[in-house]
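Engineer: A predicted structure for the sequence below; I have some questions about it.
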Amino acid sequence: MDLQPIFIAGRWRTGRGEEMVSRYPADGREIARLNAASLEDVEEAIGAADRAWRDPQWRGRLPHERATILYRVSELIVAQQEELARLQSLDNGKPLAETRGLVASAAATARYFAAACEVLEGELPTPRSAAVMTLSEYEPLGVVAAITPWNSPIASEMQKVAPALAAGNAVILKPAEATPLMALKLAELFEQAGLPAGLLSVLPGKGSVVGEAIARHHAVRKISFTGGTRTGRHLAAIAAGRLIPTSLELGGKSPTIVLADADLEQAARGISYGIYSSAGQACIAGARLFVQRECYQALVARVAELARGLRVGSPFAADTHLGPLISPAHRASVAAYVELAKKEGGRVLVGGEAPADSALANGSYYLPTLIEGLNNQAQVCQEEIFGPVLVAMPFDDEEELIALANDSVYGLAAGIWSRDFPRALRLARALEVGTVWINTYKTFSISTPFGGFKDSGLGREKGLQGIKAYMQQKSIYLGLSGQSNLWSD
Ligand code: NAD
């Protein structure tokens with residue numbers, strides 16, 4: 001198999017770091033072989049990025065000219081959407097229906113930030129009576145490090161690359177070890193769309209080597225990270241030492257709440273999708289289910305029935321609901337959590353093992369799993385499993401519910417199912433999370449800010465503010481009184 005080149009400082013060439021192998025999680029087959037970036041490659045890419053964003057040819061471009069590149073990328077993505085979705089399914093094993101959605105979302109994100117770039121304005125925060133006029137302008141930060149996980153490559157990468165470039169920065173993208181192919185494909189699309197050389201480099205490699213070197217580099221002026229909380233905390237410490245901003249999209253253990261007045265069928269379907277889509281490998285997976293006692297039996301029985309009916313299989317089969325987990329090691333970790341749940345007193349109602357189907361034996365598959373009999377203090381209710389494992393718990397009153405739902409180090413998202421909107425809104429306000437879905441789950445809009453409370457992160461992506469997260473404000477004073485300073489006459 002030919003070595004896949006990587007994209008360094010506007011050139012495609014073999015990395016000078018260690019060899020990496022990309023595998024198809026459905027059968028473990030090798031799909032690409034590449035050399036990671038070396039520390040010299042990191043140096044070269046960041047040096048080129050630092051020159052590229054300062055280059056008057058780029059800095060002097062009008063917003064609509066920068067936007068044109070993003071519009072072109074969006075069109076290129078749409079033109080190749082099926083091929084891109086297939087590549088992503090091969091790279092991380094998500095079913096095609098999901099990767100098609102992620103590709104469409106990446107195209108929409110590029111369009112959105114192209115438009116945001118065109119309409120972004122400075123401010124005139126001048127007090128009326130002042131002897132000065134003040135202007136406040138937004139400038140790029142410089143070189144931005146974008147470090148991403150493996151679960152939604154093209155979408156999470158575009159969520160960083162598009163606003164950062166729209167804002168006039170250069171970007172060094174470090175994709176996850178398991179999924180370098182989508183990031184490299186994205187670089188190809190930006191190159192085709194006419195992005196000047198050096199403004200985007202894609203440097204695959206180990207987080208502890210390549211990611212670490214990028215984050216510590218003196219020319220990097222922001223770290224935009226999506227991934228696990230432990231890594232996020234480590235990167236925040238590096239950023240604090242260097243006094244540079246970070247944005248951190250981290251892990252979760254999101255509660256889903258069903259009130260007795262809910263449409264139970266709608267709730268059960270939403271809950272099933274919220275935890276089992278992406279085989280639970282989603283930061284926002286609704287992993288803790290709190291159900292009002294009156295409807296607990298009925299709701300849990302229906303979720304169990306739906307879970308048993310989900311089809312686990314090839315990412316490329318049209319009727320697949322759950323593809324494989326990303327790797328054998330990750331499946332072993334998910335399985336170990338289920339064993340732990342049993343030791344903690346949990347009863348496995350559905351799943352709790354790999355599928356018996358011999359056709360799936362070589363893939364990292366795991367059945368949708370539903371557990372009850374635990375309380376929220378159990379380790380499996382406190383730690384992120386990142387797999388298709390749901391724990392159901394009954395509750396009696398609202399105060400107890402709020403305390404249980406908030407009893408987590410995480411605060412990414414929550415779901416509420418109820419026909420009583422005032423009550424649901426009251427609950428939404430009481431939950432310590434960045435996103436609340438009421439009578440829906442895992443729906444997204446690019447114009448709505450996204451991010452976590454507590455250990456789930458810092459900062460927000462998306463929305464019109466999303467572009468400003470990659471800029472710094474400069475205020476300029478114009479003297480109007482003719483007086484040069486307080487000592488003047
Ligand atoms: P991870 O933290 O292990 O890795 C994420 C990225 O960080 C990878 O590219 C990795 O190589 C890099 N990295 C690791 N150590 C590093 C270091 N020392 N310096 C620099 N970079 C380093 O996470 P993962 O296992 O790839 O992804 C799963 C996690 O991501 C889950 O916790 C999930 O909840 C979280 N996630 C969060 C969001 C969100 O928006 N909040 C979205 C998707 C995934």
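Structural biologist: Received the coordinates, thanks.
Engineer: Looking at the closest residue to L264 other than its chain neighbours now. What's its pLDDT?
Structural biologist: Nearest residue to L264, sequence neighbours excluded (Cβ to Cβ, 6 or more residues apart in numbering): L299, at 5.4 Å. For every residue, glycine as well, the C-beta is placed using N, CA and C. Per-residue pLDDT puts L299 at 98.
Engineer: again with the one 5 residues further on
Structural biologist: Here, the pLDDT recorded for A304 equals 98.
Engineer: now swap in E123 and tell me
Structural biologist: Note on E123: pLDDT of 88.
Engineer: now D489
Structural biologist: If you check D489, the pLDDT there is 58.
Engineer: Can you pull the phi/psi pair for the residue nearest to L264?
Structural biologist: L299 adopts backbone torsions of phi -70, psi -50, taken as degrees, to the nearest 10.
Engineer: Can you give me the separation between A260 and the ligand?
Structural biologist: From A260 across to the ligand, the span is 31 Å (Cβ to the nearest ligand atom, to the nearest Å).
Engineer: got it, and R51?
Structural biologist: For R51, the distance to the ligand (Cβ to the nearest ligand atom) stands at 23 Å.
Engineer: What is the burial count for that residue?
Structural biologist: Neighbours of R51 under the rule other Cβ atoms under 10 Å: 16.
Engineer: repeat for A197
Structural biologist: Using other Cβ under 10 Å, A197 has 15 other residues around it.
Engineer: name the element it belongs to?
Structural biologist: Per DSSP states H and E, A197 falls between elements, in no helix or strand.
Engineer: what pLDDT does it get?
Structural biologist: Looking at A197, its pLDDT stands at 98.
Engineer: Tell me who's in contact with the closest residue to it other than its chain neighbours.
Structural biologist: Closest residue to A197 apart from its sequence neighbours, by Cβ to Cβ, 6+ apart: G10 at 2.5 Å. The contact partners of G10, taken as Cβ atoms under 8 Å, 6 or more residues apart in numbering, are A48, E191, P196, A197, G198, S201.
Engineer: buried subset of those residues?
Structural biologist: A48, E191, P196, G198, S201 (16 or more other Cβ atoms under 10 Å).
Engineer: Settle this for me: L141 is touching Q473, isn't it.
Structural biologist: No: L141 is beyond contact range of Q473, at 11.1 Å (criterion: Cβ atoms under 8 Å).
Engineer: higher neighbour count, these two?
Structural biologist: Neighbours per residue, other Cβ under 10 Å: of L141 and Q473, the larger number sits with L141, 20 against 12.
Engineer: host element of the closest residue to the more buried one other than its chain neighbours?
Structural biologist: Nearest non-adjacent residue to L141, counting by Cβ to Cβ, 6+ apart: R221, 4.3 Å away. Per DSSP H and E, R221 falls inside strand 220-226.
Engineer: Could you dump the buried ones among the contacts of G10 into a markdown table with distance to P422 added?
Structural biologist: Compiled in a markdown table, the buried ones among the contacts of G10 are given as follows (distance: Cβ to Cβ, whole Å):
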| residue | distance to P422 |
| --- | --- |
| A48 | 56 |
| E191 | 52 |
| P196 | 53 |
| G198 | 54 |
| S201 | 51 |
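Engineer: May I see the residues you listed organised as CSV, with distance to the ligand added?
Structural biologist: Output for these, formatted as CSV (distance: Cβ to the nearest ligand atom, whole Å):
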residue, distance to the ligand
A48, 20
E191, 22
P196, 25
G198, 21
S201, 15
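Engineer: re earlier: next, work out how far apart the residue nearest to L141 and L264 are.
Structural biologist: 51 Å (Cβ to Cβ, to the nearest Å).
Engineer: Same drill for these two, tell me which one is more crowded.
Structural biologist: Neighbours were counted for R221 and for L264 using other Cβ under 10 Å; R221 has more, 21 against 18.
Engineer: residues contacting the more buried one?
Structural biologist: R221 is in contact with L141, G142, V143, V144, N169, I244, counting by Cβ under 8 Å, 6+ apart.
Engineer: Neighbours of the third one, how many?
Structural biologist: V143 sits with 30 neighbouring residues when counted by other Cβ under 10 Å.
Engineer: In contact with it, which residues?
Structural biologist: Contact analysis of V143 by Cβ under 8 Å, 6+ apart lists I46, A49, D50, W53, N169, A170, V171, I172, H217, A219, V220, R221.
Engineer: Please put the alpha-carbon coordinates of the longest helix seen in the chain into PDB.
Structural biologist: Using DSSP state H to define each element, the chain has its longest helix at helix 96-119. This file holds the C-alpha atoms of helix 96-119, laid out as PDB (Å, rounded to 0.1, in the frame of the first residue of the first chain):
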ATOM      1  CA  LEU A  96     -23.500   6.000   6.200                       C
ATOM      2  CA  ALA A  97     -26.800   7.700   7.200                       C
ATOM      3  CA  GLU A  98     -24.800   9.400  10.000                       C
ATOM      4  CA  THR A  99     -21.700  10.300   8.000                       C
ATOM      5  CA  ARG A 100     -23.900  11.800   5.200                       C
ATOM      6  CA  GLY A 101     -25.300  14.100   7.900                       C
ATOM      7  CA  LEU A 102     -21.800  15.000   9.100                       C
ATOM      8  CA  VAL A 103     -20.700  15.800   5.600                       C
ATOM      9  CA  ALA A 104     -23.700  18.000   5.000                       C
ATOM     10  CA  SER A 105     -23.100  19.700   8.300                       C
ATOM     11  CA  ALA A 106     -19.500  20.500   7.300                       C
ATOM     12  CA  ALA A 107     -20.700  22.100   4.100                       C
ATOM     13  CA  ALA A 108     -23.200  24.200   6.000                       C
ATOM     14  CA  THR A 109     -20.600  25.200   8.500                       C
ATOM     15  CA  ALA A 110     -18.300  26.500   5.800                       C
ATOM     16  CA  ARG A 111     -21.200  28.500   4.200                       C
ATOM     17  CA  TYR A 112     -22.300  29.900   7.600                       C
ATOM     18  CA  PHE A 113     -18.800  31.200   8.500                       C
ATOM     19  CA  ALA A 114     -18.300  32.600   5.000                       C
ATOM     20  CA  ALA A 115     -21.500  34.600   5.500                       C
ATOM     21  CA  ALA A 116     -20.500  35.500   9.000                       C
ATOM     22  CA  CYS A 117     -17.200  36.800   7.800                       C
ATOM     23  CA  GLU A 118     -18.800  39.000   5.200                       C
ATOM     24  CA  VAL A 119     -21.200  40.700   7.700                       C
END
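Engineer: Appreciated, that's everything.
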